[in-house]
Structure formats: C-alpha cells, structure tokens
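Asker: any chance you can model this:
(one chain, ligands or ions: 1)
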Amino acid sequence: MLKFDEVQKHNSRESCWVVVHGNAYDVTEFLPDHPGGAGIILKYAGKDATEEYDPIHPPGTLEENLPKEKCLGPVDPSTIKKEEKVEKKQVVKDEGGVPPLSQCLNLYDFEVIAKRVLKPTAWAYYSSGADDEVTMRENTSAFGRIWFRPRILRDVSKVDFSTSLLGQKSTLPVYITATALGKLGHPDGEKNLTVAAGKEGVIQMIPTLASCSFDEIVAAKTHDAQVQFMQLYVNSNRAITENIIAKAEKAGIKGLFVTVDAPQLGRREKDMRMKFDDVGSDMQNQNKDNVDRSQGAARAISSFIDPSLSWDDLTWLRSVTKMPIVLKGVQTWEDAVRAAELGLSGVVLSNHGGRQLDFARSGIEVLGEVVEALKAKGLFPNPMFQIFVDGGIRRASDVLKAVAMGATAVGIGRPFLYAYSAYGSDGVVHALQLLKAEMEMNMRLLGAPTLKDVVPEMVDARALGTHVNFTPVSHGHQIYEKLQTAVGMPGE
Ligand SMILES: Cc1cc2c(cc1C)[n+](S(=O)(=O)[O-])c1c(=O)[nH]c(=O)nc-1n2C[C@H](O)[C@H](O)[C@H](O)COP(=O)(O)O
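Answerer: From the prediction side, this is the model:
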C-alpha cells in the first residue's frame, strides 16, 4: 500500500499524482487534455483531491479517461493528511479595508470599495450629481429598460469587439472619458488612466481640469503609438484655449471633445457641502486662480469656463485646429443634426454623468431619436460622423445596447476613478479586463461574433419611451400581418 508522503513528492507538472477516493493516480500525461485546464489539477498535485473532485465529476470519470496503469493503487488511509480547509473569508487588507483586486468581479465592486477608501471631499466630488440626482440615477436605470433579442445557431467560436474611434484603433468600443481632479482619489491622478489605457489598448480622454499636468499625462503613455483624446472647456480668455489646443495637437492628440453642456458647472450638493481645500486642477495652478473654495470643488475650479460659447464659435474653433472636433454633451436630435450638417466629426450624447442639468434625459434615451433623425436626413450611418454615448455605463451589456442602437462607442467615467482610487492603475486594467470578459460572453450569447453583427434588431427599446422604432416586436407584427394575408388568416 502506498504511503501518502510518497504521493506528496509528485506535486509538479513534471510528475503529478493525486489521491481520489483513497486511490493514487498518476495524471501527469493527462494534464494537457483536462477540459478544465491543467491549473485546477496542479492545485491538488500531491494531495487528496476527493472533496474537490466529487461535485464536478460523475462516477467513473477517472476510469474512462485514464489508462489502467495510471491507477497506482490504494494509499494507506492512516497516512493521508487532509488539506486543512482555509475558509475563504472576505479577506480585507489592513490598509483601509481594500480586498484583493481579484475579488472585484464587476465595475460596481469598485464603487463600494472607493466609498470606503476615498477622502470625504473626493467621494463627494466623484460621486455627486446635480440637484436631486434624478438624471444620475436615470443614466443607469435607463439601460435596465432595454432588452436583448439574442439570435441562435451562429458560429460564435471567435468573438471580436475591437473597433475604431475617429479612425483610431481600440480594443473595445469603450473609452475612458474626461473626469476632473484625478489626484483627489490617488496621488498619480490621471496617469493611472493613461497607463491602464495603454496596457489595455483603449483611448483616454484627457480632461482640461486634470490634476496632473498635460505633459505628465502624455509622458505617462506606455508606448508612443498610444492614442489620447482631449476634452476641452473653452476659456473666456480664448488665447488660453488656443494655447491648449495647439499644445494638444503638437503632442499628437487625435480628437478634440468640446464640452458644450457646462456653460456653468452644476450644483452638486454633496460636493458643495464640502469646504474644498484640497488639491485643485493644474489649470488653477497655472492661472493662480484665487477662487472661492467654500462651495465645494466644482465651484472652485470652473470660474474660467466661457458661458458665451455658441455655434458661431465653431468657425473660430475649426480655424485653430486640424484635429477632429466632437461636441460632448449633446442632448437632442436637433443639435446632433446641426453638428453633422456642420461637418463635425461626431457628438457625445451625454448629460455629464448627471452632474449638470437635473432631469436631462440619459444619453441612451437620446440615442434613439438622434439616429432616426440623422437617418431621415441621410446622415446615418456615416463613418465620418460618429455617435458616442456616456453616462451610467457599468456593464458590457450596456455597451452592447448602445452599439446596437447606433453608437460607435461609449465613455465610462466614475468606475475607472473608483478603480484607481483603491488600486491604482492595476485597478483600471482589471476593470477593463472585466469589461472585455463580459463583452466576450455577452456577444457569444447574443449571437454576434463582431460588433457589426450587433444590430438594432437585437434590442427591444420600447420601454425607453423613445419615439423611434427599435422594437423588432413591431417588425414581428408587420411580419405577422404579412403572414395573415399570405395564409389568409382572419385579421385580429
Ligand atoms: C464623474 C465625473 C464626471 C465628469 C467630471 C468629473 C467627475 C468626477 N468632470 S467635471 O469636473 O467637470 O464635472 C468633467 C470635466 O471636467 N469635463 C467633462 O467634459 N466632463 C466631466 N465629467 C463627465 C464625464 O466626462 C462623463 O460625461 C460622465 O462621467 C459619464 O458618466 P459616468 O461617470 O456615470 O460614467
């Protein structure tokens, strides 16, 4: 009879024995063929694997899959040492209750942790929405009113969710949107986003109101070809804005996103309750703004924004840059059509994460009417005019709903702030990898191997209340009517 300490010596890929139901088995040659991969077996190499083996394998699995001689015979039960079961407790690290990154399974997990670790001023600034935060809540709940219509029996062995934004490649139809004051959450501020975006092949939009300097953020790129966009608040002092644009263009920025929903920053009361004496934005440092900090961060950093900005200024804007110009914060089809007719490169349908006009509709709700209006004018689809959506996107299913309804890509803000506030750039890398894993699963289950296959018929958006017809059910109704006439069925 074998002794257990003999089994324990065979605990590697080169020689792997396990004990199941009192018998030792040499599974070394079987490792590469194990459907669940070699890793899970190697975890029990040289050990008694009975407890883990039983719930997953029907009786007889070993005999069916291993040649007879691989069963090495019984092990003396008195020598078998049971693995002391370490209860997988919620392991909470000492520093301020941050669990291991691997325990974050979705983007919401980062919010729960960030709430615990962020300074009150930072949490107030990042998490706040305007007034009663109705729009901020609607941004998320609107996605909950859109349903999928998955198709079956399609070859989804390979799934590809790569795409291009303004002609720039991206591994995901997701970009990291501009959010100000990155250093409130972490000393490396926006550089966390730069590093993660570079590692994961997505595009970061650099905010005008970054805590880090523009040069620092560009220098943090992980490789020269890494693509970055720039978000612009137009300054009442136009010369300052022209310098910012010229510097961005020279640094190789590939898209200028002009924020048009914030002639004044919204009243974010959680933020306003905080006296803001924390790190400001690089803009303040440059301009030595001595601003009133008694009403929270937003008030303290936004006095320079020009409320007189209008459509007339687009001629000036186009005269000072060759970068593609996208309007960020468009909220009606009328303004989207006007931007398209002016030959701009796109719009972001956005309400600033619910931080501006409360009771503005969510970007996803506006998307339906914008696509229909552009179609009616022969302006959609149009690769030279791309539609982006942001606000409340937390799942790949949200991303796919927006893509199905006509968006090229979506912007995500808070989840990435929360991710790096707790884990630095690794947190953002993990968040992007979670999104990629969700994308792969959702596209497989949708029956859509590429983003081109993610079409309007795959969503039922009736409950969004958009006045446009994404509802394949109505297509179904038309088909039903045709069927009725075709087979002479009586009308309803
Ligand atoms: C969360 C957040 C958003 C900010 C943001 C700061 C924070 C903390 N700031 S703000 O200081 O003016 O409010 C900016 C900004 O600098 N410029 C801008 O265009 N959008 C700004 N936004 C809006 C952002 O670009 C997205 O529209 C919004 O975050 C998308 O919603 P989710 O956060 O739900 O993804």
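Asker: what does the stretch 351-492 of the chain put close to the ligand?
Answerer: 352-353, 355, 390-393, 411-414 (Cβ under 6 Å from any ligand atom). All C-beta atoms are positioned from the backbone trio N, CA, C, and that covers glycine.
Asker: mind redoing it with 8 Å?
Answerer: 351-356, 390-394, 411-415, 417 (Cβ under 8 Å from any ligand atom).
Asker: repeat that for the stretch 151-300 of the chain.
Answerer: So the stretch 151-300 of the chain meets the ligand at 177-181, 205, 207-209, 231, 233, 257, 259, 261-262, 265-266, 268, 297-298 (Cβ under 8 Å from any ligand atom).
Asker: which stretches in the stretch 51-200 of the chain count as helices?
Answerer: 61-65, 107-117, 120-127, 134-143, 191-200 (DSSP state H, counting those that start in this stretch).
Asker: state which one residue of the stretch 51-200 of the chain is found closest to the ligand.
Answerer: Residue nearest to the ligand within the stretch 51-200 of the chain: Ala180 (3.2 Å; Cβ to the nearest ligand atom).
Asker: look up phi and psi at that residue.
Answerer: Here the main-chain torsion angles of Ala180 (degrees, to the nearest 10) amount to phi -80, psi 170.
Asker: neighbours of the closest residue to it other than its chain neighbours, how many?
Answerer: Residue nearest to Ala180 in three dimensions, not counting chain neighbours: Leu209, with 3.4 Å by Cβ to Cβ, 6 or more residues apart in numbering. Applying other Cβ atoms under 10 Å, we find 24 residues neighbouring Leu209.
Asker: report pLDDT for the residue of the stretch 51-200 of the chain closest to the ligand.
Answerer: pLDDT, Ala180: 91.
Asker: distance of it from Ser302?
Answerer: Ala180 sits at a distance of 9 Å from Ser302 (criterion: Cβ to Cβ, to the nearest Å).
Asker: list residues touching both of these two?
Answerer: Residues touching both Ala180 and Ser302 (Cβ atoms under 8 Å, 6 or more residues apart in numbering) are Leu209.
Asker: whatever residue of the chain ends up closest to the ligand - how many residues pack around it?
Answerer: When scored by Cβ to the nearest ligand atom, the chain has Gly413 as its residue closest to the ligand, at 2.5 Å. Residues lying near Gly413 (other Cβ under 10 Å) number 22.
Asker: for His352, same thing?
Answerer: Neighbour number of His352 under other Cβ under 10 Å is 27.
Asker: let me see the contact set for the nearest residue to it once chain neighbours are set aside.
Answerer: Nearest non-adjacent residue to His352, counting by Cβ to Cβ, 6+ apart: Asp261, 5.2 Å away. Listed by Cβ under 8 Å, 6+ apart, the contact set of Asp261 reads 328-331, 350-352, 356-357, 360.
Asker: 7 Å instead?
Answerer: Asp261 makes contact with 329, 331, 350-352, 356, according to Cβ atoms under 7 Å, 6 or more residues apart in numbering.
Asker: gap between it and Gly189?
Answerer: Distance, Asp261 to Gly189, by Cβ to Cβ: 24 Å.
Asker: now the angle from the longest helix that the chain contains to helix 191-200?
Answerer: In the chain, with assignment by DSSP state H, the single longest helix is helix 425-446. Using axes from the mean of the first three to the mean of the last three Cα atoms, to 10 degrees, the direction of helix 425-446 lies 50 degrees away from that of helix 191-200.
Asker: buried residues in helix 425-446?
Answerer: 425-432, 434-436, 438-440, 442-444, 446 (16 or more other Cβ atoms under 10 Å).
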